[in-house]
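Novice: Fold the stuff below for me.
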Amino acid sequence: MSNGTYPTDSFELIQRKSDHINLTDRSRTLPSSVDLRFNYEPLFFKHPTSESNWKTNFIGFDFNYPVWVSSMTGGTQKAQTINTNLAKLVGEFKLGMGLGSCRSLLESKDRLDDFKVRKYLGIQPLFANIGCAQLAELVLNNNLHKISELVNLLEADGLVIHLNPLQEWFQPGGDRYLMTPIQVLETVFEKVKFPIIIKEVGQGMGPETLKALLNMPLAAIEFGAYGGTNFSQLESLRSTEGIELKKPFINVGHTASEMIDILNSLPRTDKQFIISGGVQSVLDGYELKMKLEATSVIGMASAFLNPAQQSYTALQEYFIQLKESLIVARDLLTIKKNL
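Specialist: Next up is the predicted model:
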C-alpha cells in the first residue's frame with residue numbers, strides 16, 4: 001500500500017496533479033449542501049490504522065467496535081450461508097449478533113444448520129430470536145420451556161423478542177396477539193433466567209412503551225426504528241387483497257432520532273441500547289450514538305445482507321471499510337450541541 005510519497009517526477013504524482021486540474025470544476029460544492037450536524041476538527045486527527053478500534057463494553061461483553069449484527073434471516077436455503085458469514089464476521093472483529101426468527105426450530109430441527117453458528121463467534125454474544133406472538137402462544141399453552149430449550153440448543157447467550165403487531169396484522173395468515181406484550185414479558189421474566197433484548201421491526205416505539213421497557217429487567221432495547229426496512233411495508237407487498245385500508249398504518253411509528261429524544265428526556269436508567277432502523281450511513285450511526293445519553297451500539301442488518309450472500313471475503317472487505325469510517329467519524333467530528 002502506498003504511503004502517499006512519490007518522487008517528484010513519478011507517474012503517480014504527475015497523474016494526481018493532472019487529475020486535480022481536470023476534476024476541479026466537477027468538485028465544487030455549494031454551501032447549501034454542508035452537513036450541519038457536525039463540527040469538523042482536523043487539528044486533532046490522525047488516520048486510523050488496521051489496528052485502530054473503538055472498544056465498547058455492551059451487555060457484559062467486550063466489543064472491538066460498537067456494532068451489532070441485527071436479526072435477519074433463518075429457515076430458508078440462503079440463510080445458512082448468510083448467518084455463517086455474519087457469525088464469522090462477529091467472531092473476527094468482536095461484535096455481537098442477533099439471529100433471525102428461530103420460530104421454525106420450535107417445531108422441527110430441519111433448519112437447525114441455518115442457526116447453528118456458535119462455533120464461529122467464540123465468546124462474542126449470540127442471541128436467539130422469537131416473535132412476541134409466538135411467545136404468547138407458548139405462554140398460553142404452558143410450553144414456555146421450549147424457549148429455554150431453544151436458547152440451550154443454539155448455545156445462545158440470550159433471547160431477542162421482537163414486537164411486531166403491525167407486521168402480523170399485515171401478513172397474510174399472520175399470527176394474532178392474544179395477550180399484550182407487556183403481559184407476555186411479565187410471565188417470561190418470572191420463568192427464564194437468560195438475558196432478554198426487546199426490539200421492534202421497522203416502526204420504532206413510542207414514549208409509553210419506552211418508559212415501561214426502561215423499568216423491566218432487560219439486557220438491552222433495540223430500536224427497530226422507522227426509516228429502515230419496514231416489515232409492515234414488506235408484508236403489504238406480499239398481500240393480494242384487503243390491503244388498501246391498512247396501508248396508512250405503514251407510515252406510523254418513530255424514527256431513531258425521535259426515540260433518542262424521548263429516551264434522553266426520561267429518567268436515567270442503566271439500560272443499554274441497539275440503535276437500528278433508518279441508519280442510512282456511517283454518519284447517521286455516529287450521530288445517533290453520540291446523541292443518546294446511554295451505552296449503545298449501532299445495529300445493522302440490510303447493509304450486511306448483500307455482501308453476506310456473496311462471500312465471507314466480500315463481507316469482510318465491506319466491514320473493514322465501515323469500521324474505518326466509524327473511527328474517522330469519531331476522531332474527526334463532534335456533534336453540534338445546538339441541533
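Novice: got the residue ranges for the helices in the stretch 1-150 of the chain?
Specialist: Assigned by DSSP state H, counting those that start in this stretch, the helices in the stretch 1-150 of the chain fall at 11-22, 79-93, 112-115, 118-121, 132-140, 145-153.
Novice: For Ala301, grab the count of nearby residues.
Specialist: Neighbourhood size, Ala301 [other C-beta atoms under 10 Å]: 21. Quick note: C-beta positions are derived from backbone N, CA and C, even for glycine.
Novice: Backbone dihedrals for it, please?
Specialist: phi -130, psi -70 (degrees, to the nearest 10).
Novice: Just give the nearest non-adjacent residue to it, would you?
Specialist: Distance criterion C-beta to C-beta, 6 or more residues apart in numbering; nearest residue to Ala301, sequence neighbours excluded, is Ser70 at 4.1 Å.
Novice: How about Glu155?
Specialist: Leaving aside its chain neighbours, Glu155 sits nearest to Arg118 (4.0 Å; criterion: C-beta to C-beta, 6+ apart).
Novice: Do I have it right that the one you found meets Leu153?
Specialist: No. Here Arg118 does not reach Leu153: they are 10.0 Å apart, not a contact under C-beta atoms under 8 Å.
Novice: What residues does the spatially most central residue of the chain make contact with?
Specialist: In the chain, the C-alpha nearest the mean C-alpha coordinate belongs to Gly299, at 2.0 Å (C-alpha atoms, centre = their mean). If you count contacts by C-beta atoms under 8 Å, 6 or more residues apart in numbering, Gly299 has them with 67-70, 222-223, 274-277, 279.
Novice: which element follows whatever helix or strand Leu288 lives in toward the C-terminus?
Specialist: Using DSSP states H and E, the element containing Leu288 is helix 282-291. Downstream of helix 282-291, the next assigned helix or strand under DSSP H and E is strand 296-300.
Novice: For that next one, list the C-alpha coordinates in PDB.
Specialist: Taking Å, rounded to 0.1, in the frame of the first residue of the first chain, the C-alpha atoms of strand 296-300 are listed here in PDB:
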ATOM      1  CA  SER A 296     -25.200   1.900  22.900                       C
ATOM      2  CA  VAL A 297     -24.100   0.100  19.800                       C
ATOM      3  CA  ILE A 298     -25.200   0.600  16.200                       C
ATOM      4  CA  GLY A 299     -27.500  -2.200  14.900                       C
ATOM      5  CA  MET A 300     -27.100  -3.000  11.200                       C
END
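Novice: Helix 282-291 and that strand, what's the angle between them?
Specialist: Going by axes from the mean of the first three to the mean of the last three C-alpha atoms, to 10 degrees, strand 296-300 is angled at 150 degrees with respect to helix 282-291.
Novice: so what secondary structure elements neighbour the one helix or strand in the chain whose mean pLDDT sits lowest?
Specialist: Ranked by mean pLDDT, DSSP states H and E, the weakest helix or strand in the chain is helix 11-22, scoring a mean of 77. The contact analysis (3 or more C-beta pairs under 8 Å, 6 or more residues apart in numbering; DSSP states H and E) places helix 11-22 against no helix or strand.
Novice: Counting neighbours, which bits of it end up buried?
Specialist: Neighbour-count burial for helix 11-22 flags no residue at all (criterion: 16 or more other C-beta atoms under 10 Å).
Novice: how about that helix as PDB, C-alpha atoms only?
Specialist: Only the C-alpha atoms of helix 11-22 are listed here, as PDB (Å, rounded to 0.1, in the frame of the first residue of the first chain):
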ATOM      1  CA  PHE A  11       4.000   8.800 -12.900                       C
ATOM      2  CA  GLU A  12       1.700   8.700  -9.900                       C
ATOM      3  CA  LEU A  13       2.400  12.200  -8.800                       C
ATOM      4  CA  ILE A  14       2.100  13.600 -12.300                       C
ATOM      5  CA  GLN A  15      -1.200  11.700 -12.800                       C
ATOM      6  CA  ARG A  16      -2.500  13.000  -9.500                       C
ATOM      7  CA  LYS A  17      -1.700  16.600 -10.400                       C
ATOM      8  CA  SER A  18      -3.300  16.200 -13.800                       C
ATOM      9  CA  ASP A  19      -6.500  14.800 -12.200                       C
ATOM     10  CA  HIS A  20      -6.600  17.700  -9.800                       C
ATOM     11  CA  ILE A  21      -6.700  20.100 -12.700                       C
ATOM     12  CA  ASN A  22      -9.100  18.200 -14.800                       C
END
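Novice: Next up, the contacts around Met290.
Specialist: So Met290 contacts Ile335 (C-beta under 8 Å, 6+ apart).
Novice: Not counting sequence-adjacent ones, nearest residue to Pro42?
Specialist: In space, and not counting its chain neighbours, Pro42 is closest to Leu332: 6.8 Å by C-beta to C-beta, 6+ apart.
Novice: Over to Ala156?
Specialist: Leaving aside its sequence neighbours, Ala156 sits nearest to Ala128 (C-beta to C-beta, 6+ apart; 4.3 Å).
Novice: you'd agree the one you found is up against Asn152?
Specialist: No. Between Ala128 and Asn152 there is no contact under C-beta under 8 Å: 9.6 Å.
Novice: Give me the more crowded residue out of those two.
Specialist: Between Ala128 and Asn152, Ala128 has the larger neighbour count (other C-beta under 10 Å), namely 27 against 11.
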